[in-house]
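1. Need a 3D model of the sequence below.
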Amino acid sequence: MIDEIDKQILNILQNDGRITNADLARQINMAPSAVLERMRRLESKKIIQKYSATIDSNKVGLNLTAFVMIKSNGPVVDTKTAKEIGKIPEVQEVHIVAGEDCFLVKVRVADTNSLNHLLRNKFGKIENIKSTSTTIVLETVKESTKLTI
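-> Predicted structure coming up:
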């Protein structure tokens, strides 16, 4: 699927998504045109899904991170409810999980009042949500989207 050069490209891009094609080519000792061709192939295969900026949530007023375990009235794998949850702007991640709960959801909000509003007025309006259990994050030691390739 991917070779060692692709892995090098992916690792460099995970550390610096704004690196120029010329600088990337220089780091892996390849011609810029060859690197660009590989990147386009990785993008077309959806291995590279998007490019984005990592933002410090605290510096934009989103000081509270929480994980919400959700039980659903729906089927065991309820993708319709998962997609509804995923439409809520404060929701960063939605995972369908095995076990007693149906979904593990990561949210970021300004404060406990905002979390209360999210749980009552947004999650509460989703028909198949039976119950929620929320864990508030006190401190984040590590958070990353980087994959070990």
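
2. rest of the way, CA atoms for contacts and neighbours
-> Will do.

3. Mind splitting this structure into its structural domains?
-> 4-44, 57-136 (automatic domain parsing).

4. now the longest one: mean pLDDT?
-> This means domain 57-136. Mean per-residue pLDDT for domain 57-136: 95.

5. Just give the closest residue to the residue located most distally from the centre of the chain, not the sequence neighbours.
-> Outermost residue of the chain with respect to the C-alpha centroid, by Cα atoms, centre = their mean, is residue 31; its distance is 32.4 Å. Counting by Cα to Cα, 6 or more residues apart in numbering, residue 31 lies nearest to residue 25, which is 5.8 Å off, once chain neighbours are set aside.

6. Same check on residue 35?
-> Residue 35 sits nearest to residue 25 (Cα to Cα, 6+ apart), 6.0 Å away.

7. still on that earlier bit, can you give me the separation between the residue nearest to residue 31 and residue 38?
-> 11 Å (Cα to Cα, to the nearest Å).

8. again, but for residue 131
-> Counting by Cα to Cα - residue 131 and residue 38 are separated by 46 Å.

9. what sits against residue 74?
-> For residue 74, the contacting residues are 81, 128, by Cα atoms under 8 Å, 6 or more residues apart in numbering.

10. May I ask which helix or strand encompasses it?
-> Remark: residue 74 resides in no helix or strand, with elements defined by DSSP states H and E.

11. Run through the residues that contact the residue nearest to residue 31.
-> Residue 25 neighbours (Cα under 8 Å, 6+ apart): 31, 32, 35.

12. any chance of the residues you listed in JSON lines, plus distance to residue 94, secondary structure and pLDDT?
-> Below are those laid out as JSON lines (distance: Cα to Cα, whole Å; DSSP: H, G, I helix; E, B strand; the rest coil; pLDDT from 0 to 100):
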{"residue": "31", "distance to residue 94": "40", "secondary structure": "coil", "pLDDT": "97"}
{"residue": "32", "distance to residue 94": "38", "secondary structure": "helix", "pLDDT": "97"}
{"residue": "35", "distance to residue 94": "34", "secondary structure": "helix", "pLDDT": "97"}
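
13. in stretch 59-78, what counts as buried?
-> Within stretch 59-78, the residues that qualify as buried are 62, 64, 65, 66, 67, 68, 69, 70, 71, 72, counting by 16 or more other Cα atoms under 10 Å.
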